[in-house]
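Undergrad: I would like to see how this sequence folds:
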Amino acid sequence: MRKYAGKTAVLLFSLIFAIGSKCDAQVSQPTEYQIEAAYIYNFVRFVDWPPQAFASTNAPMVIGVLGKNVFGGSLQQIINGKKINGHELQWAQIDSATEATNCQVVFISDSEKSHLSKILGLLQGANILTVSEADNFIGDGGMIYLFIDEENKVRFQINNDAARKAGLTISSKLLSLAANN
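TA: The predicted model follows:
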């Protein structure tokens with residue numbers, strides 16, 4: 001079943017990349033943050049967390065946004081009612097790195113860039129996937145950096161070493177789609 005899901009996800013990522021390309025003026029394009037919200041959902045599908053990342057085998061998987069919620073309701077809408085490996089996906093607005101330790105995924109908003117090194121230092125070694133669009137995110141020890149390329153498409157880079165140190169396993173399929181490969 002995992003093999004089939006992988007093919008589906010690659011197709012979905014392809015669709016997301018296609019959405020990011022130029023379309024007919026009559027077609028309403030999703031916003032940058034709607035595309036990024038879809039990316040985050042798909043990242044979750046291609047990362048494995050160790051059992052200790054959850055309070056119990058059926059505990060929810062919490063996707064937190066630290067700082068300004070740039071997604072509006074897009075991220076909540078995408079994950080609403082979805083489960084990954086038996087974990088219901090939940091959204092949370094978080095106000096501190098301490099609160100982030102209750103999440104499995106943390107999107108660190110660009111509004112927190114002045115505190116980025118401190119936040120990543122506090123989360124270092126925790127079983128938390130960190131994602132951001134803040135400059136130098138990968139260099140500071142973050143795991144997935146979202147950015148807009150020269151063709152105005154949303155792309156991402158992955159720091160697999162940081163993910164491994166946090167006990168996370170990123171699928172080779174996701175790694176192959178990253179801009180740094």
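Undergrad: show me the residue at the heart of this protein, geometrically.
TA: I40 (3.3 Å; CA atoms, centre = their mean).
Undergrad: wasn't that one part of a helix?
TA: Yes - with DSSP: H, G, I helix; E, B strand; the rest coil as the criterion, I40 is part of a helix.
Undergrad: just list the residues touching it, thanks.
TA: 63, 75, 78, 105, 107, 131 (CB atoms under 8 Å, 6 or more residues apart in numbering). For glycine as for every other residue, the C-beta is placed from the backbone atoms N, C-alpha and C.
Undergrad: where in this protein is pLDDT low?
TA: 1-27, 181 (pLDDT under 70).
Undergrad: go through it and flag its longest strand.
TA: If each strand of the chain is counted by residues according to DSSP state E, the longest one is strand 87-94.
Undergrad: which strands or helices does the very next helix or strand once past it pack on?
TA: Per DSSP states H and E, the first helix or strand lying C-terminal to strand 87-94 is helix 97-100. For helix 97-100, the elements it packs on are strand 61-66, helix 116-123, judged by 3 or more CB pairs under 8 Å, 6 or more residues apart in numbering; DSSP states H and E.
Undergrad: of all those, which one is nearest T169?
TA: Proximity to T169, assessed across the helices and strands packed on helix 97-100 by CB to CB, is greatest for strand 61-66 (15.0 Å).
Undergrad: hey, where'd the helices end up in this protein?
TA: 2-20, 32-45, 74-79, 97-100, 116-123, 160-165, 172-177 (DSSP state H).
Undergrad: how near is Q34 to A59?
TA: 28 Å (CB to CB, to the nearest Å).
Undergrad: mind checking which of these two has more residues around it?
TA: It is Q34, of Q34 and A59, that has more neighbours when counted by other CB atoms under 10 Å, with 20 against 14.
Undergrad: OK, contacts around that one?
TA: With CB under 8 Å, 6+ apart, Q34 has these contacts: 71, 74.
Undergrad: run the last query once more with 10 Å
TA: Going by CB atoms under 10 Å, 6 or more residues apart in numbering, Q34 touches 16, 19, 71-75, 77-78, 154.
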